[in-house]
Every structure is written in structure tokens, then in C-alpha cells.
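S.K.: Quick one, structure for this:
(one chain, ligands or ions: 1)
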Amino acid sequence: MFKFIIHGGQKLKGEVEVSGAKNALLGLLPATILADGEYSFYNSPELLDARSMIKLLENMGEEIEFSNHTIKVKNYGLKVFEAPYEFVKKMRASIYVLGPTLSRYKYAKVSMPGGCAWGPRPINLHLEAIQKLGANVEIDQGYIIAKADTLKGAKIVFNIPSVGATVNTMMAAVYAKGTTLISNAAIEPEVTAIANFLVKMGAKISGIGTKFLEIQGVDSLHSADDTVIPDRIEAGTLLIAGAITQGNVRITRCRPDHLDALLTKLTDAGFSIETGEDFVELNSSDKILPVNVETEVYPGFPTDLQAQWISLMTIADGASEVTDNIYFDRFNHVPELNRLGANIIVKGNTAIIKGVEKLKGAKVMSTDLRASASLVLAGLVAEGTTEVLRIYHLDRGYEKIELKLKKLGAEIERVQTDEF
Ligand code: EPU
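M.R.: A predicted model of the protein is given here:
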């Protein structure tokens, strides 16, 4: 077990590169189930979640090597059509093997994901969509068992533009006979990246990047290579690290156009932002202004940056409100931030934050990936020493974040601990 020890107070300065996007990679890897052959994924982030997906696919029969940010997959037919509980309980994105396995083999068995650290995360839309395509779905002893003689194109209308349901449905529909229409599809950049990869493999998908996807079923697909898009949430977290320490940072190898909502809010909070094709530069002034945020689906402000924004607002010059409209209960970081001296109360799905003059270091505990990131950010500015426990949550989705923060001048160390 590891923890971070952070000595707060350094204004971050300098330049750091963004890694590949976790949530794109977690959809690209299961797409390899759809066709035999060899695949290379460049710019793959070295993350616990990437390793978990690799183990799951290896367990299903693929051969995978991961080194130097390249994942090489060899798929010569699956031997196992199942995602067992021990994989799914570690990572909900394991549900992504459902669509492609059903599509190609007309059978898939996937452990039903439970709730997650901050509350329920249903998968009804995934299941309703594959049923519309003609699959028979049963839940038996905690497993989803999906079967079909043939899958047939259908019209699917999501009442919520779910990222996961859009990705799973696209992968389930690529071999379905006829045309599948997905209405109110998610348009997050990761969904677009996965759709573009399916097209590289020979899938016929139009409307990519819009809320209306049209998929013409094909008889065969082939392997392909891809470069993982930059992680907009890591980029956003690093920018907020610069902001909370009132530093001046340049984040490179990113896609500024994927960060519009955050960059607008940072500008409103008094930071000066400059963007180029693949970089964002943030410069601080002497005050952090309070700015309200409501999370929305893309291109709105991402729920995956909600916790980090709350950290920034804890030391703003006044009061602000942060509302999460995607996950109403995603506030496990709030009591931990209050341990560092923040003044936050949660009412319904809104955090009401009264800016304080300073945070003070303490021991705090990570509860989930983005909550942990918010605690690290708070630790960077808290007076004295902050210890962040259970950082395995962070390692799921940030590649060696302490090295990136150190490069910017933070005093942060990863140390082994028995504390849990
Ligand atoms: N929803 C349903 N039914 C469903 C699916 C979703 O009601 O069948 C609801 C959810 O409860 C939520 C909303 O729809 O209120 C959106 O959920 P979505 O399905 O879009 O989320 P997801 O696919 O489970 C992905 C990311 C999350 C990110 C969300 C929202 C991956 C692997 N995960 O999850 O990432 O928070 O989209 O943008 O892509 C993270 O990286 O920390 C993370 C949690």
C-alpha cells in the first residue's frame, strides 16, 4: 500500500505532458474482440485500469503486451465469453466486453456491476439497447447472460446520453443485420474516438460526434491500430493544480478544444488562459474568484472534474456552488476536504463552498479516483503536511501523477505504508 506525503505551498511552474485518455482506451481495447488479428494502441496510459482491462481480455483468450506506452493485442478468437465478478468488481468498464462479445459470438456473460463508491450507477440503458437489437437478456446469480440467434438493426433512443451505453451499443450493432439508429447518443470525445476506431476496423458508422448515430451492419471487420487521444480529465486536473497553487503552468500534448468548459470557468475565476493547437498555458493573478459550476454531459463541465473544482473553490475569495447533475451523490471528497480546513456543506446535489484563507495539512483518505485527485490538489496548497491514503484509487486513472506534479515543482512523495 502507498500514500502520498505532500508539503504544501509551492506555486507550480513549468511544463508537463498529458497522457492518453483512460476512458478512450477502456473502450478501444474491448473493440479488439470484434475481429481477429493484431492491433497496436500507441500513447496508451500506464494505469491500473488499463492493466485490469488487459487481464480481463487475456482471460478471454487474447494475447497482450504493454510496454513503452504501446499496447499490442493479438486476437485469434476468444476462448471464454465471460467477464467474471472478480474483474467487474475492480472496474465497472469491464461491462464494455458485453457489446462486442455478443455481437461476434451471439453470447456473452458479464457479472452485473454493483453500485460504486459514490452511489448507484445503473446499466439499464446498455441492457435495453441490446434487447432492442434482438438479444435475450437474463440476470442469473449476479450475471448478465445475453444470447441472440441473430442481431438485427433497431432504433434506440436513450433517455440519458450515456457514455457507456452508447459505446456498448455501437459495438453490439456493428454486425447486426440492417441499420441501427442511436438517438441521444453521448458525444464525449472518448465516444467519438472509439467510434472512429470502429470505422478504421471497417464498421459503417455515420453521425460520429453528433447525438444521432447510424450504424450499417457489416459482415466482417479487421484489426487496426490507433493512437489514444489525450486525457482531458488529466489535463484539467493538472491545470487546476497550477491554479490552486496560483502558479503558471503549461500543459502540453493535450486537446484544448476538449477543455472549453473548464477553460471558460478558469477564466471566470481570474486566471489568464492561452491555448495553442496542443497546449494550454495558465497564468495566475493574486486572487481566485468564486465561480459556480454545474456538471453536464459534454461539452458541458465534466463530472470528472467536479471534485477538483471544489478543491479550487475552497480557497476562493468568496462563496460558490458546485452542482453535479450527472452523479447526484458524488461528494465523498467533501468531508475529507473539510478535514483540511475547507468550509463546504452539501445540500442535495450541490456543494456550497465558503472560501477560506488557507487550508491546513492533515491525513485524508481517498475514496475514489477523482475524489483522490481533489485531495492531492488541496494538499498542494495546504499549509504544512498532507498525507493522502489509499492512493491506489488515483493509480487507476492517473499515470504517475506525483512525477508530473514534481516536474512542476510540487513537494510530493509516494511512500510505502501499512496504513489503510
Ligand atoms: N445511466 C443510467 N443508466 C445507464 C447508464 C447510465 O441511468 O444504463 C446514468 C448514470 O447513472 C449517470 C448518467 O447516466 O447519471 C451518465 O452515466 P454514463 O453512462 O455516461 O457513465 P459511464 O459510462 O458509466 C463514463 C466514464 C465516467 C464518467 C461518466 C460521465 C468511462 C469508463 N467512465 O461512465 O468516468 O464519470 O462517463 O461522464 O468512460 C472517471 O473516469 O472517473 C469516471 C467515473
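S.K.: residues from the protein in reach of the ligand?
M.R.: Proximity of the chain to the ligand, by C-beta under 6 Å from any ligand atom, involves residues 23, 26, 93, 121-126, 160, 162-165, 186, 190, 303-304, 326-327, 369-370, 397. C-beta here means a position set from N, CA and C on the backbone, and glycine is covered the same way.
S.K.: Now, of the residues you listed, which are buried?
M.R.: Listed as buried from those are 23, 26, 93, 123, 125-126, 162-165, 186, 190, 303-304, 326-327, 369-370, 397; burial here means 16 or more other C-beta atoms under 10 Å.
S.K.: how about the residue of the chain found nearest the ligand, secondary structure?
M.R.: With C-beta to the nearest ligand atom as the measure, residue 164 is the residue of the chain nearest to the ligand, at 2.8 Å. Under DSSP: H, G, I helix; E, B strand; the rest coil, residue 164 falls in the helix class.
S.K.: Ok, residue 356 next?
M.R.: Under the three-state scheme (three-state DSSP), residue 356 adopts coil.
S.K.: Can you report how many residues neighbour it?
M.R.: By the criterion of other C-beta atoms under 10 Å, residue 356 has 15 neighbours.
S.K.: now do residue 260
M.R.: Number of residues near residue 260 (other C-beta under 10 Å) recorded here: 15.
S.K.: Same check on residue 420?
M.R.: Neighbours of residue 420 using other C-beta under 10 Å come to 8.
S.K.: ok, it - contacts?
M.R.: Taking C-beta atoms under 8 Å, 6 or more residues apart in numbering, we find residue 420 in contact with 1, 389-390.
S.K.: And it, how far from residue 191?
M.R.: Distance, residue 420 to residue 191, using C-beta to C-beta, to the nearest Å: 36 Å.
S.K.: Just give the closest residue to the residue lying farthest from the centre of the chain, not the sequence neighbours.
M.R.: The centre of the chain is farthest from one residue, residue 149, which by C-alpha atoms, centre = their mean lies 33.8 Å away. Closest residue to residue 149 apart from its sequence neighbours, by C-beta to C-beta, 6 or more residues apart in numbering: residue 106 at 6.9 Å.
S.K.: Tell me which residues touch the one you found, please.
M.R.: Residue 106 makes contacts with 147-151, as judged by C-beta under 8 Å, 6+ apart.
S.K.: low pLDDT regions in the stretch 51-200 of the chain?
M.R.: Under the criterion pLDDT under 70, the flagged ranges of the stretch 51-200 of the chain are 115.
S.K.: can you do 50?
M.R.: For the stretch 51-200 of the chain, applying pLDDT under 50 flags no range at all.
S.K.: Strands of that one, residue ranges please.
M.R.: Counting by DSSP state E, counting those that start in this stretch, the stretch 51-200 of the chain has strands at residues 63-67, 70-75, 82-83, 107-111, 136-140, 143-147, 155-157, 179-183.
S.K.: As JSON lines, these with mean neighbour count would be great.
M.R.: Below are the strands of the stretch 51-200 of the chain laid out as JSON lines (neighbours: other C-beta atoms under 10 Å):
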{"stretch": "strand 63-67", "mean neighbour count": "13"}
{"stretch": "strand 70-75", "mean neighbour count": "19"}
{"stretch": "strand 82-83", "mean neighbour count": "22"}
{"stretch": "strand 107-111", "mean neighbour count": "22"}
{"stretch": "strand 136-140", "mean neighbour count": "11"}
{"stretch": "strand 143-147", "mean neighbour count": "20"}
{"stretch": "strand 155-157", "mean neighbour count": "16"}
{"stretch": "strand 179-183", "mean neighbour count": "19"}
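S.K.: can you list those strands in a markdown table and add distance to residue 225?
M.R.: Output for those, formatted as a markdown table (distance: least, C-beta to C-beta, whole Å):
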| stretch | distance to residue 225 |
| --- | --- |
| strand 63-67 | 14 |
| strand 70-75 | 9 |
| strand 82-83 | 25 |
| strand 107-111 | 25 |
| strand 136-140 | 33 |
| strand 143-147 | 29 |
| strand 155-157 | 29 |
| strand 179-183 | 26 |
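S.K.: Tell me, how many residues neighbour residue 134?
M.R.: Number of residues near residue 134 (other C-beta under 10 Å) recorded here: 19.
S.K.: just checking, it touches residue 147?
M.R.: No - at 9.9 Å, residue 134 does not count as touching residue 147 under the criterion of C-beta atoms under 8 Å.
S.K.: Which residues does stretch 191-202 contact?
M.R.: Stretch 191-202 has contacts (C-beta under 8 Å, 6+ apart) with 21, 24, 27-28, 31, 34-35, 163, 166-167, 170-171, 174, 185, 205, 208-209, 213, 218, 220-226, 228-229.
S.K.: Kindly apply the preceding question to stretch 52-71 instead.
M.R.: So stretch 52-71 is contacted by 19-20, 25-26, 29-30, 32-33, 39-46, 50-51, 72-75, 77-84, 87, 90-91, 93-94, 96-97, 101 (C-beta under 8 Å, 6+ apart).
S.K.: Can you say which of the residues you listed are buried?
M.R.: Buried by 16+ other C-beta under 10 Å: 19-20, 25-26, 29-30, 32-33, 39, 41, 43-46, 50-51, 73, 75, 78, 81-83, 87, 90-91, 93-94, 96-97, 101, out of these.
S.K.: Report the secondary structure state of residue 243.
M.R.: Going by three-state DSSP: residue 243 is helix.
S.K.: Could you tell me which residues make contact with it?
M.R.: Contacts of residue 243 by C-beta under 8 Å, 6+ apart are 266, 269, 271, 282, 284, 288, 312.
S.K.: shaky segments in the stretch 201-350 of the chain?
M.R.: Using pLDDT under 50, the stretch 201-350 of the chain has no residue that qualifies.
S.K.: ok, the closest residue in space to residue 288 that isn't next to it in sequence - contacts?
M.R.: Spatial nearest neighbour of residue 288, excluding adjacent residues (C-beta to C-beta, 6+ apart): residue 316 at 4.5 Å. Residue 316 is in contact with 269, 288-291, 353, 355, counting by C-beta under 8 Å, 6+ apart.
S.K.: again, only using 7 Å
M.R.: By C-beta atoms under 7 Å, 6 or more residues apart in numbering, the contact list for residue 316 reads 288-290, 355.
S.K.: Which parts of the stretch 151-300 of the chain are helices?
M.R.: Here the stretch 151-300 of the chain has its helices, by DSSP state H, counting those that start in this stretch, at 163-173, 189-200, 232-244, 260-268.
S.K.: could those helices go into JSON lines alongside distance to residue 362?
M.R.: Below are the helices of the stretch 151-300 of the chain laid out as JSON lines (distance: least, C-beta to C-beta, whole Å):
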{"stretch": "helix 163-173", "distance to residue 362": "34"}
{"stretch": "helix 189-200", "distance to residue 362": "35"}
{"stretch": "helix 232-244", "distance to residue 362": "16"}
{"stretch": "helix 260-268", "distance to residue 362": "27"}
